[in-house]
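Peer 1: Below is the sequence, then the predicted model.
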Amino acid sequence: MRRTKNVSIFLIAILLFSVLSLTSSEVAFGQTLSWGSQGEDVTLMQTRLKNWGFYDGPISGTFGALTYDAVVLFQKRNGLAADGIVGPQTRAALGLPSKGGGTTTPASRGVSRSDDVHLLARTIHAEAKGEPYEGMVAVGAVILNRVRNPAFPNTMAGVVYQPCAFEPVKNGAINQEPNETAYRAARDALNGWDPTGGAIYFWNPATATSQWIWTRNITLRIGRHVFAH
Amino acid sequence: MANWKRYTLPIVLALALLITVGWGVHEYNQRVEYHTYLDLQFQRQFYELIGHVENAQVDLAKAMVAGASNDTAKYLNGTVYQSYMAQEKLSQLPFDHAPIRRIEKFLSQLGDYSTAMVNKSLDGVVLGKDEMETLSELHSYANLLSQELIVLQQQIVKEGVNFGDLRREGNRDLQALNKRMESFNLINIEERMLEYPELIYDGPFSEHMTDRKSRLKGKEVDQNTAIQILRDMIDEDLTDIEVVGNVENTTLDGYYIRAQKPADGNRDNISAVVTRQGGKVLWYLNPRVINESRLDREEAVEIAEDFLEDSGYEDMTATYVMAYEGQILINFAYKQDDVIVYPDLIKVKVALDNGEIIGFESHGYLMSHHTRDISKPTLTEDDARERLSSGVEVEHARLSIIPTAGEKEVLCYEFRVTLGADRFLIYIDAMTGHEVKILLMVEQEDGTLVI
């Protein structure tokens, strides 16, 4: 009798915990700074890093190669994960404001393609992690080819966020912070490198479910992806 | 005391259960709320989609009966706006791509074609018979589309399709809707769309853009020759070099090659495509890590110029330079008789640490390069200068050939001007004096125009 009761308490406790842990798995989005970030926070960070002797580049408000190196060095010295990404921990160690501190886009400046770089890098990171470099550029090129194609939306955001278009958009993986390679691939794609020869579709044969997609004209295979138009 | 102890546990458990149930109900209600919210957003977009298609159709009808060309332009502007809005709404609805792509394309082309007609009308040209016929055909398709969408809308209301169900698995309604769109309504439209005229005009979505032919001539090369061509251009010491794939069904088919390039102490994985016809390197990428910059801009441009010359590309002029993250991207355009030919474009990337060529891209050049028959401009530079706004200050002027939206080529005077703090490039047609294009130069951190 007593034993069954203990067991049932145990079970209920497990059940409750698993339910609670489900709800708390939501990720709190701080203002993570990484390669390509811009704005006041970056300026502040560069100033700090310079004062402390980690950084000797210009205080430009743009997170570039020099800033990246400085952040990695800072992280190593302070026992943080040296990934070059300023997440909540590094942010705290740097003494940057943790919430709502400044905007990440500078005011009163012409719209440049740097905003596109972020979105494209995020998409590439989510879709083509672990692919060869040219495979990442290729995914970026497909997005850009779609923008130019009449059968697709005419803006990059329209293409990326089109419902039923990309799996990582549906499951939220697109919100992950892209790594440095994804940024470089995004820039190469924006600068006109198109390994796919004008493809507007790509899929992974191992996971693609649509029959229709195989009726397209295949241009090239790179890594795990098939590209077609 | 003993009694109290005996009931503690059941009471705690009962409370826990109650809390869980309450929490569950709350979550469920919240889910229903989100669900309804999403559904209503989609319903709204569907209604707006129909509205925009109808308005586009009405404006098109008005444009056709309008007498003067400026009235035509006014109504066609409405069509442009309405069809782009419709396209945008459609692309936000959760439909599969396959059944709606024709409709998306139709709406894009309707807007694009109307833009081209607006431009004509604004130049005072009265639209010709052919163009009027095309407009009237487009009108009847817009009409058909809005009718079919209304039918679909009524079905959605009647049968209670819920757009809010985004999860594929438990979502028979949406799948059924997609099927239905595919099965009768849209197939209907698709079939009739087959008859719709090939739209060829000066715009980015014009039909001729999709089947452009390359101007690259030359014999077909085999795999081994392609590999040798890459070696000759990039590095004789490439190792593990092999053709890993073929680029097919494109205007410039070729061999997809991967290799390793010896570098200081390690090897870089590089990739490239060499075209089958003519055996030219279409693109090349070396994504290696770049160390501290040691070269300046001029040195890098010089390296890129030498590289192009060694690779057999002559008469190329640097037009734009952008440095970022330890590398520098240089755009080169072909120059013939002192005229810059922008469509013949080659891009070269140089690593700023040791001056290595880490990227090459020649799609524009291979597609369009040929010796032009450049006619003598009817306007002098001073004539063209007079067409500029009086507020601008001209810094530099030269002749250039630029591509139009539909990839035709126009001979223009290129003026680099400033107005206040902003810098622009203004292109004046050297024959007609029309202003063809104005580019606002967004000052990027490290970008500069080389003129």
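Peer 2: Perfect, I can see it now. All of these numbers come straight from a predicted model, not from anything done at the bench.

Peer 1: C-alpha from now on. contacts and neighbour counts both.
Peer 2: Will do.

Peer 1: Look at residue 92 and say how many residues are nearby.
Peer 2: You didn't pick a chain, so chain A it is. For A:A92, the neighbour count with other C-alpha atoms under 10 Å in any protein chain shown is 12.

Peer 1: Chain B is the one I meant
Peer 2: B:Q92 is flanked by 18 other residues according to other C-alpha under 10 Å.

Peer 1: pretty sure it contacts A:Q162?
Peer 2: Yes: counting by C-alpha atoms under 8 Å, B:Q92 does reach A:Q162; the two are 5.7 Å apart.

Peer 1: what residues are up against B:R276?
Peer 2: B:E220, B:V221, B:D222, B:A226, B:L252, B:D253, B:G254, B:Y255 (C-alpha atoms under 8 Å, 6 or more residues apart in numbering or on different chains).

Peer 1: And the last one, its phi and psi?
Peer 2: Right, B:Y255. B:Y255 has phi and psi values of phi -100, psi 130 when expressed as degrees, to the nearest 10.

Peer 1: tell me the secondary structure for B:I402?
Peer 2: Going by DSSP: H, G, I helix; E, B strand; the rest coil, the secondary structure assigned to B:I402 is strand.

Peer 1: Of the contacts of B:R276 - the most surrounded one?
Peer 2: B:G254 (31 neighbours).

Peer 1: partner residues bridging that residue?
Peer 2: B:V247, B:T275 (DSSP bridges).

Peer 1: ditto for B:L440
Peer 2: If you apply DSSP bridges, the partners that B:L440 bridges to are B:F424.

Peer 1: Count the neighbours of the residue nearest to B:A73 when sequence neighbours are not counted for me.
Peer 2: With sequence-adjacent residues excluded and distances taken as C-alpha to C-alpha, 6 or more residues apart in numbering or on different chains, B:A73 is closest to B:V118, at 4.7 Å. By the measure other C-alpha under 10 Å, the count of residues near B:V118 is 25.

Peer 1: And the helices in chain A, which stretches?
Peer 2: Ranges of helices in chain A, per DSSP state H, are A:2-23, A:40-51, A:65-77, A:88-94, A:114-128, A:133-147, A:156-160, A:167-171, A:180-190.

Peer 1: Go through the ones you listed and pick out the most buried.
Peer 2: The highest mean neighbour count among the helices of chain A, using mean count of other C-alpha atoms under 10 Å in any protein chain shown, belongs to helix A:133-147: a mean of 26.

Peer 1: Convert that helix to PDB, retaining C-alpha atoms only.
Peer 2: The C-alpha trace of helix A:133-147 is given here as PDB (Å, rounded to 0.1, in the frame of the first residue of the first chain):
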ATOM      1  CA  TYR A 133      31.100  26.600 -48.100                       C
ATOM      2  CA  GLU A 134      29.900  26.900 -51.800                       C
ATOM      3  CA  GLY A 135      26.700  25.000 -50.600                       C
ATOM      4  CA  MET A 136      26.000  27.800 -48.200                       C
ATOM      5  CA  VAL A 137      26.600  30.500 -50.800                       C
ATOM      6  CA  ALA A 138      24.300  28.400 -53.100                       C
ATOM      7  CA  VAL A 139      21.400  28.500 -50.500                       C
ATOM      8  CA  GLY A 140      21.900  32.300 -50.300                       C
ATOM      9  CA  ALA A 141      21.800  32.600 -54.100                       C
ATOM     10  CA  VAL A 142      18.600  30.600 -54.300                       C
ATOM     11  CA  ILE A 143      16.900  33.200 -51.900                       C
ATOM     12  CA  LEU A 144      18.200  36.000 -54.100                       C
ATOM     13  CA  ASN A 145      17.100  34.300 -57.300                       C
ATOM     14  CA  ARG A 146      13.600  34.000 -55.800                       C
ATOM     15  CA  VAL A 147      13.500  37.700 -55.100                       C
END
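
Peer 1: now the angle between helix A:114-128 and it, please.
Peer 2: Using axes from the mean of the first three to the mean of the last three C-alpha atoms, to 10 degrees, one finds that helix A:133-147 and helix A:114-128 are set 120 degrees apart in direction.

Peer 1: if we can go back for a sec, what's the least confident stretch among the helices of chain A?
Peer 2: Within these, confidence is poorest for helix A:2-23, with a mean of 55 (mean pLDDT).
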